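**Q** Task: produce atomic coordinates for the following.
(one chain, ligands or ions: 1)
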Amino acid sequence: PPVYVGKYDEIVTPTYKALRHKTLTIQQITQLNQNILWAANAFPAAVLILDKNFIIQWCNRNAKTLLGIDSKKDIGYKIFNLIRWPEFYQYAYKGDWQKPYTTYDERDGRLYHLKFEFTRYSTDNILLLCFDNTQLESLRTTQQDFVANVSHELRTPLTVLTGFLETLRDLPPEAISPEQRVHYEDLMHEQAERMLAIVTDLLTLSTLESTKLANQQSVPIASLIEQAKRQTEVLSKGQHQLSWSINPTLSVSGNAHELSSAITNLLTNAVRYTPANGQIEVFWGLAEDGQAIFSVKDSGLGIAPSDISRITERFYRVDKSRSRASGGTGLGLAITKHIAIRHNAKLMIKSKLNKGSTFSLIFPKENITSL
Ligand code: ADP
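**A** Modelled structure (predicted):
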């Protein structure tokens, strides 16, 4: 409007004001609208707006990632043209959406676990959410497997123990010679020790998983290796050729107790899985790229490629009876791997079946406290 319109001013000014106010309100609503769209787009699930006939009105970015539904070309199509599971169709039309609909979908060689939730938010519109529950499901499976594994591991020694106790209780004392009794007691003791070792390792693992690395200090690894050396020699009973190449001054930051158990574990494994007359070479020093390396190379049984990726899993053993016979709990490498991760170090495993293995702990340069 003109700046001054004489006697019409009284009419023009309030109209102009109202117009300005409306423009501002429209701007604010547009901004809010934009913000809501951005938020919906950033939502960590697939979000779809459907009309009452299940025709797609809008969808966010994750609809493409999770369901392959593209906001550029699929809007205006019925959802069932794009998600074709008959159960999904039945669930949607049943209209009872109190419980979510869950299913598996295999895409690009990956198995997804999906959870769908429908909500009618107005007479004409339906909100469809789809969550990727893959990680949650695999966590649940891992937990179930873990409980099953622990129960199985403890059940075997408990069964043996109960068997001997029943024999001792039910047989008349004169039926068992004192030597036989001692033999039974030894076997029972062995089984009880095995259970104790499993429970102790499980507690160690749970502490490693649930606490932060404490008591960090500069750890002179050479002195930890020196302590572990004696243990290794006792275990080897002189049956292996042991050689040590140790940098006496190289230290890394970390927790001495944890590093000691990782080192001991790799050394005892080398002895346990290397037949008599085999060689074990231990190295602690700097690599060419400046990282610090503790490695144990053995000429033992070796590990098949398919097993290498799994041996750091809890209770995974290549040869169950051999591991048990040598007092193994199946948890040593899981513990070692955890310790490595807590120290920003890597546990590297190289192995050839029937040729031998090299287990290395590689510490980054930043962890080195003295050379
Ligand atoms: P265990 O108590 O059974 O030794 P670990 O977690 O320490 O448990 O090791 C898991 C499995 O990895 C072992 O049962 C064994 O099959 C394999 N393994 C570990 N170290 C070696 C090695 N140096 N040579 C060959 N196999 C090994």
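**Q** List of residues touching the worst-scoring helix or strand of the chain on mean pLDDT?
**A** Lowest by mean pLDDT, DSSP states H and E among the helices and strands of the chain is helix 320-325, with a mean of 80. The set of residues external to helix 320-325 that reach it, using CB atoms under 8 Å, 6 or more residues apart in numbering, is 194, 272-273, 317, 330. All C-beta atoms are positioned from the backbone trio N, CA, C, and that covers glycine.
**Q** With stretch 30-47 instead?
**A** The contact list for stretch 30-47, computed with CB under 8 Å, 6+ apart, reads 59-63, 65-67, 69, 127-132.
**Q** what's the distance between it and the middle of its chain?
**A** 31 Å (CA atoms, centre = their mean, to the nearest Å).
**Q** Stretch 310-318 too?
**A** On CA atoms, centre = their mean, the centre of stretch 310-318 falls 14 Å from the chain's centre.
**Q** cool, stretch 145-159 as well?
**A** Distance, stretch centre to chain centre, for stretch 145-159: 21 Å (CA atoms, centre = their mean).
**Q** if you look at it, does any of it touch the ligand?
**A** No - contact of stretch 145-159 with the ligand (CB under 6 Å from any ligand atom) is absent, the minimum separation being 10.8 Å.
**Q** before we move on, what about stretch 262-275?
**A** Yes - judged by CB under 6 Å from any ligand atom, stretch 262-275 comes into contact with the ligand through 265, 269-270, 273.
**Q** List the contacts of that stretch.
**A** 221, 224-225, 228-229, 231-232, 235-236, 240, 280, 282, 294, 296-301, 322-323, 326-328, 332-333, 335-336, 339-340, 356-357, 359, 361.
**Q** what's the span of stretch 283-303 from first residue to last?
**A** Length of stretch 283-303, first residue to last, CA to CA, to the nearest Å: 21 Å.
**Q** ok, and for that stretch, which residues are buried?
**A** 283-284, 291-303 (16 or more other CB atoms under 10 Å).
**Q** same deal with stretch 35-48?
**A** Of the residues in stretch 35-48, those buried (16+ other CB under 10 Å) are 40, 45-48.
**Q** measure the residue in the stretch 51-200 of the chain that the ligand sits nearest to to Gln191 for me?
**A** Closest approach between the stretch 51-200 of the chain and the ligand, counting by CB to the nearest ligand atom: Ala197, at 8.8 Å. Relative to Gln191, Ala197 is positioned 11 Å away (CB to CB, to the nearest Å).
**Q** ditto for Ala214
**A** 34 Å.
**Q** Pick out whichever of these two has more residues nearby.
**A** Neighbours were counted for Ala214 and for Gln191 using other CB atoms under 10 Å; Gln191 has more, 18 against 9.
**Q** hang on, isn't the more buried one packed against Glu153?
**A** No - look at Gln191 against Glu153 with CB atoms under 8 Å: they stay out of range, at 11.8 Å.
**Q** Now for Ile26, how many residues are close by?
**A** A count of neighbours around Ile26, defined by other CB under 10 Å, yields 10.
**Q** If you could redo that for Val147, that was the one I meant.
**A** Using other CB under 10 Å, Val147 is surrounded by 10 other residues.
**Q** what about it, which SS state?
**A** The three-state assignment at Val147 reads helix, by DSSP: H, G, I helix; E, B strand; the rest coil.
**Q** And Ile341, by the same measure?
**A** helix.
**Q** Specify the next element, helix or strand, located C-terminal of the strand or helix carrying Asn41.
**A** Secondary structure from DSSP states H and E places Asn41 in helix 9-42. Once the chain leaves helix 9-42, the next helix or strand it forms, by DSSP H and E, is strand 46-51.
**Q** gap between the next helix or strand after that next one and the chain center?
**A** Next in sequence after strand 46-51, counting helices and strands by DSSP H and E, comes strand 56-59. Centroid separation between strand 56-59 and its chain, computed with CA atoms, centre = their mean, is 36 Å.
**Q** Check stretch 277-288 too.
**A** 30 Å.
**Q** residues in contact with it?
**A** 221-222, 225, 232, 236, 239-247, 250, 267, 270-271, 274, 292-300, 356, 362, 371.
**Q** What separation is there between Lys337 and the ligand?
**A** Distance of Lys337 to the ligand, given as CB to the nearest ligand atom, to the nearest Å: 9 Å.
**Q** The residue nearest the centre of the chain in helix, strand or coil?
**A** The chain has Leu139 as the residue nearest its centroid, 7.7 Å off, counting by CA atoms, centre = their mean. For Leu139, the assignment made with three-state DSSP gives helix.
**Q** nearest residue to Ile56 other than its sequence neighbours?
**A** Nearest non-adjacent residue to Ile56, counting by CB to CB, 6 or more residues apart in numbering: Ile75, 5.3 Å away.
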